[in-house]
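Q: Have a look at this fold, sequence not included:
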């Protein structure tokens, strides 16, 4: 029930970044559920994490380790989020890091843990530790697609993308994977995302770019408005390409950050396209707003409305529900007569009511498509914001009534 | 699919308040869809209305008329909300008021219009005006139950309640009706609610009491988080009982306002019990919060979470989803180790994780019930807030994917 083509593009290996996959049988026997990622010595590593106050044990350990020492290994398990697990969760996350540290001969602080899956169950440390040898043996620069499968939970398809940019005869590669389809309203990061590049980027700049781009990609998607306890997005720069991007060459920095934004936007949108029960991929674009906050208030009010989302599921051009959302978004002194609302390029609302030019046939033609743009023109200022979301279908209810996530 | 008993209690007539019902065939032939209510001369009338900026034409006319002259008639139609209809909507609402004014020989400002139903369609003024004679002929103090049927849209059952209080040998009656099951997150009022009493209450005090009580009843319910364009709640005091409640007798005022709160809470909760697709009636109670706002932030985060609502539908004690909501509610400096979460009286979360005493069987026993209390004890202060909501079921999706509301 995902929206858009399922095939992955060619995934270019990133020099200095290897991935190994193993099967620990955490939730289902035989499922690939443990992924180990190794970064060459000297790699810069940046991360953004959930703002949920109940952030999971691995997120807390991850932040501590990232601050303490250069990271060398990322360990991901699915099937168990190690969230809501109190002090035992911290002990368990550290035990996994310690096992990687011993096997790979690095300090424990060089290992960053990530978990995703059911909340509140104890992490099966033994099962994970038992397959670390297999994951290490499997380490390869060519394993991006397997790793994309290995980090999935309720996802119905793997999510991965890759870009190469060339600059003065040298090639820079960016490749990334992500997972997530429910509990998706990232706040500073998505469920799980990993992007690596062989560019050399100073740590502080890498973190700044990751934060900026995450704000325009992972932090602009929502499936159900539920911010997860485990959201994490990591950006790794191995430097193996020999190209250093330190911001002093403005053209190169722009080339790189634009590629980074395309990669992260692709991964973020892939999560929406595979949103639980999704039959539509929807962009909500709010234009000529006075501030970014008011644009986002309108956009998220629409994107989270169960009535708008069920109308999308029904392919019903029920523009009254969109109008009601704009009205309840809490915008001060909103001039109803000055704003317009469009479905793709069909104007549905102007002068405080249904557009004179609107016909049900034109609205229906837009809603029949798999991809829908809802555009609100506030005519109050210069700011534009976009968010991406899905419809609300019977499958969403079935998935979340049946699955203990 | 509504929750709780369907039978209405005895509805005591209110002296000085008559109701007449007619069938205009606005949406379905034969359906009772026009209700006229007549208030005795000298009645005090108070109202609270939607805060949706796109408030409907009848709401705008209603506010103007209420400020201009003593109200004598309330005219309600279902099947069409006269919202998102621009200037024509105002003309249409006024035309209906004018027709009542002529027929009943009162100034046009003495007539208050209310509409509910599909947004964005022109109001069929002719159909409504044609049956005003029949509605007027039908006026009777015994018509509360018929009126409760007459204001329904997607409601599966009528909502009405009645109380009598006695004070120094005199009887005061309060009787009310309400409607609504979708687009329910009232903001200062519910979809439609009408309460009448034969007490005599000065206008200013009546308005103050209505606002206060609406804040603790209609403004604490949510089905889908969508605030309607047409929410209105009216309180009428005819004075026909001969008992004047002007606030000078504290005991009498307390007796009356407590009865008023029970009546309005009953009507508000009846809307939740009949929420679209509802299979559960859920109270979310947040205790020992520092402020009312933080209590409401936590309560509504839980009440609006599609993941919590689908878990309720599945009768799944998936406490991790509740914990994740508390964590993302945006409370500053939340001490996770200090708070507790309960399902009815079963403690599910303490010390930052699953309660030691928790068993899946105990959680399951609570979730198997039709009525569930989710109680969050923040241990930060003295404030308590309650909101009432429903689960999210397949029927919710079906109703809203099939019905153009």
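A: Sure thing, it's come through. Just so it is clear, the model here is predicted, and its values are computed rather than measured.
Q: pLDDT at the residue of chain A positioned farthest from its centre, what is it?
A: Ranked by distance from the centre of chain A (CA atoms, centre = their mean), the top residue is residue A:356, with 39.6 Å. You'll see residue A:356 listed with a pLDDT of 91.
Q: Got the phi and psi for it?
A: Residue A:356 has phi and psi values of phi -60, psi -30 when expressed as degrees, to the nearest 10.
Q: so where do the strands sit in the stretch 151-300 of chain A?
A: A:159-167, A:170-179, A:192-197, A:232-237, A:281-289 (DSSP state E, counting those that start in this stretch).
Q: now those strands in JSON lines, with mean pLDDT, mean neighbour count and distance to chain B?
A: Quick note: C-beta positions are derived from backbone N, CA and C, even for glycine. Listed next are the strands of the stretch 151-300 of chain A as JSON lines, based on pLDDT from 0 to 100; neighbours: other CB atoms under 10 Å in any protein chain shown; distance: least, CB to the nearest CB, whole Å:
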{"stretch": "strand A:159-167", "mean pLDDT": "90", "mean neighbour count": "19", "distance to chain B": "21"}
{"stretch": "strand A:170-179", "mean pLDDT": "90", "mean neighbour count": "23", "distance to chain B": "17"}
{"stretch": "strand A:192-197", "mean pLDDT": "86", "mean neighbour count": "29", "distance to chain B": "16"}
{"stretch": "strand A:232-237", "mean pLDDT": "87", "mean neighbour count": "29", "distance to chain B": "15"}
{"stretch": "strand A:281-289", "mean pLDDT": "96", "mean neighbour count": "22", "distance to chain B": "15"}
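Q: Quick check: which of these is nearest to residue A:21?
A: Of all those, strand A:170-179 sits nearest to residue A:21, with 11.4 Å by CB to CB.
Q: How about the residues of the stretch 101-250 of chain A by chain B?
A: Counting by CB under 8 Å from any CB of the partner chain, the stretch 101-250 of chain A comes close to chain B at A:118-120, A:182-183, A:187, A:224-229.
Q: Can you point out the buried residues in the longest helix seen in chain A?
A: Looking across chain A with DSSP state H, the single longest helix is helix A:250-273. For helix A:250-273, a neighbour-count test (16 or more other CB atoms under 10 Å in any protein chain shown) marks A:252-253, A:255-257, A:259-273 as buried.
Q: now, which of those residues lie close to chain B?
A: Counting by CB under 8 Å from any CB, no member of these reaches chain B.
Q: Residue A:260 is in contact with residue A:174, correct?
A: Yes - counting by CB atoms under 8 Å, residue A:174 does reach residue A:260; the two are 6.2 Å apart.
Q: so what sits against both of those two?
A: With contacts defined as CB atoms under 8 Å, 6 or more residues apart in numbering or on different chains, the residues shared by residue A:174 and residue A:260 are A:195, A:197.
Q: I'd guess residue A:30 is in a helix, am I close?
A: No - if the criterion is DSSP: H, G, I helix; E, B strand; the rest coil, then residue A:30 is coil and not within a helix.
Q: ok, the closest residue to it other than its chain neighbours to chain B distance?
A: Closest residue to residue A:30 apart from its sequence neighbours, by CB to CB, 6 or more residues apart in numbering or on different chains: residue A:23 at 6.0 Å. Applying CB to the nearest CB, to the nearest Å, the value for residue A:23 to chain B is 24 Å.
Q: related to what we said a few turns ago, which helices and strands sit right next to the longest helix of chain A?
A: strand A:159-167, strand A:170-179, strand A:192-197, helix A:203-216, strand A:281-289, strand A:383-390 (3 or more CB pairs under 8 Å, 6 or more residues apart in numbering or on different chains; DSSP states H and E).
Q: Include distance to residue B:368 when you put those into a markdown table, please.
A: Converted to a markdown table, the helices and strands packed on helix A:250-273 look like this (distance: least, CB to CB, whole Å):
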| stretch | distance to residue B:368 |
| --- | --- |
| strand A:159-167 | 37 |
| strand A:170-179 | 33 |
| strand A:192-197 | 34 |
| helix A:203-216 | 42 |
| strand A:281-289 | 36 |
| strand A:383-390 | 31 |
